[in-house]
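Q: Sharing a sequence plus its predicted fold:
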Amino acid sequence: MHKVVIVGRPNVGKSSLFNRLLKKRSAVVADVPGVTRDLKEGVVETDRGRFLLVDTGGLWSGDKWEKKIQEKVDRALEDAEVVLFAVDGRAELTQADYEVAEYLRRKGKPVILVATKVDDPKHELYLGPLYGLGFGDPIPTSSEHARGLEELLEAIWERLPVRQIETEPEVAGIRLAIVGRPNAGKSSLLNAILGEERVIVSEEPGTTRDAIDVEFFFGGQRFVLVDTAGIRKRPESLVEELAIRRSLRAMDEADVVLLVVDPFQVGDRELKLANEALDRGKPVLLVITKWDLVDKEDAPKMRRLLREKLAHLDHLPRVFTSALTRQNLDRIFREAVRLHELNQTRVPTAELNRWVAVWTSRVQMPNFKGKPLKILYATQPEVAPPTFVFFVNHPEFVTRAFENYLKNRIGEDLGLREVPFRLVFRGRREE
C-alpha cells in the first residue's frame, strides 16, 4: 500500500489534517504543542484508491521528547513515498519550520507543502513567505472548514508512483485494544511484541497521549494492536481527558481487550476497566506484566494475591508475561484468537431449546400468585457478544436470581464462561 507521512513542527495542525483526510476523529487534537508523540496510522480511501497516512509528533519541539520523536519520524520516512510538510498558514515562519525544511531536503523524498489553518480565501494572500522554504506552491487547507482537501488529495495522487491495482481483498484483522492504568507497561508490551520501540516508553505516567494502531501478523493471522493512554480515576488535563475518551472508544472498536495489569499495583481500577469492557460486550484477557520482577520463590504467593485482588474477574483467562524477557508473548495471541472465536459462538435454535428444557427441569420456576414463569422458546439472534432472547409468558416474572441461574448455566453448559453474553426476555406478543 502507498505510504504518505505528515511532518511538521509542533502545533501546526498535523493531527487535525490527519483526522480530516481519514474522515474521522482518530487522533487526539488540542490547542497545545506536543499532544502527538508516537506514530499514528490510518488508511485513506478515495475514488482513485487508498493509501496509508501516518501522523507524526512535532519536530524540533525543544522538550525532552524531541530526540525520540525524531527517531520515530526517521523510521516513518524510510519507506514513505510522499511527505506532507505541514506549516501554519496563519503564523509567521519559525526557525523550527526552516529546520524541518532542511531536514526534509536531506531525506530526498517528494514533498508537498501544506499551509494549514487557512480558513478564509483572503488568508491566502499572506502565504508568500512559504515559497522561501523551497518546496514550490503551498496548498492552502483548513481542517476546520474542510477547505483544500480535494486539491491536496489530487496532488498526493500525482506524486505517488503508479502501481498495479490491488485486487485481493484485505483480510480483516482482529483488533486488540491494550488498556490499563498509567505506567502499567502497555507501551513496553507493544514494543516487545513488535521487536522495536514503536511507541515512546518512560517511567513518567501518561507518556502515551493517543491510541496507536499497529498492524501485526502472528501465525498467519492479521492483528491490529491498539496501544491506548493510561486511564486514571481523574484526568489531570484536557489533553489527558481527550486521550482517555479515545482509549474508551478504542475499547468500543476492539474485538478483544487486553487488560494490562502491573502485579505490584492492583486495585479497583483494574476491576472498573474490566467491567467497562465486559459491559461493552468485549472479551477481556488479563495480561499480567513485569513478571520478570517476581522472584521464582515468590511467584506462587504473588499468584495467590492476584487471585484474591481480582476475585471478581476469576472467570477471565490470564497470561503472565514480561516485556523484558518476552515470556509468553505468543500465548497472548493464541488466547486472543480463542476468545475472539468464542465471542462468535452461535448456538443452533434446536440445541438451545433442548438446553432450556434441561435447565428449567432442574430449578423451581418463579411463581407469582399461582402463575409460574414459562419459557416458550429461545433463540440467539446475535454474536459478539452472543445474545440470547427468551420468549416467556410474563417477562415481569423473571427474577434476578432466575436470570443469574440462566447465566451460570449458559456459561458452564455452552462454554461461554470466559466471554460476556446478554440475555433478553420478551413476552409472547413481542417481536
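A: Structure's in. What do you need? Residues are numbered from 1 along each chain as shown.
Q: Which residue ranges of the stretch 101-250 of the chain form strands?
A: 111-116, 139-140, 174-179, 212-218, 221-227 (DSSP state E, counting those that start in this stretch).
Q: Kindly format the C-alpha coordinates of the first one as CSV.
A: The reference is to strand 111-116. Extracted as CSV, the C-alpha positions of strand 111-116 are listed here (Å, rounded to 0.1, in the frame of the first residue of the first chain):
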residue,chain,number,x,y,z
VAL,A,111,7.3,16.8,-0.6
ILE,A,112,4.0,18.6,-0.7
LEU,A,113,3.9,21.9,1.2
VAL,A,114,0.6,22.2,3.0
ALA,A,115,-0.5,25.5,4.5
THR,A,116,-2.9,24.6,7.4
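Q: Mean pLDDT and distance to Gly42 added to the strands of the stretch 101-250 of the chain, as CSV?
A: Heads up, the C-betas are built off the backbone N, CA and C, glycines and all. As requested, the strands of the stretch 101-250 of the chain are arranged in CSV below (pLDDT from 0 to 100; distance: least, CB to CB, whole Å):
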stretch, mean pLDDT, distance to Gly42
strand 111-116, 97, 17
strand 139-140, 96, 20
strand 174-179, 95, 13
strand 212-218, 83, 7
strand 221-227, 90, 11
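Q: between those, which gets nearest to Trp60?
A: Across the strands of the stretch 101-250 of the chain, Trp60 has its closest neighbour in strand 111-116 (16.6 Å, CB to CB).
Q: Count the neighbours of Leu127 for me.
A: 18 (other CB atoms under 10 Å).
Q: Quick check, it in contact with Val118.
A: Yes: applying CB atoms under 8 Å, one finds Leu127 in contact with Val118, separated by 7.4 Å.
Q: Common neighbours of those two, please.
A: Gly89, Pro140 (CB atoms under 8 Å, 6 or more residues apart in numbering).
Q: residues in contact with the closest residue to His145 other than its chain neighbours?
A: Closest residue to His145 apart from its sequence neighbours, by CB to CB, 6 or more residues apart in numbering: Asp119 at 5.5 Å. Listed by CB under 8 Å, 6+ apart, the contact set of Asp119 reads Ser142, Glu144, His145, Arg147.
Q: ok, now with 10 Å
A: Gly89, Arg90, Pro140, Thr141, Ser142, Ser143, Glu144, His145, Arg147 (CB atoms under 10 Å, 6 or more residues apart in numbering).
Q: Among those, the buried ones, what's the ChimeraX command?
A: To isolate the buried members of the contacts of Asp119 in ChimeraX, using 16 or more other CB atoms under 10 Å:
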select :89,140,141,142,143,147
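Q: Tyr131 - how many residues pack around it?
A: 12.
Q: returning to that earlier point: in TSV: the strands of the stretch 101-250 of the chain, plus distance to Tyr405.
A: Formatted as TSV, those follow (distance: least, CB to CB, whole Å):
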stretch	distance to Tyr405
strand 111-116	59
strand 139-140	64
strand 174-179	31
strand 212-218	39
strand 221-227	36
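Q: Fine, thanks again, bye for now.
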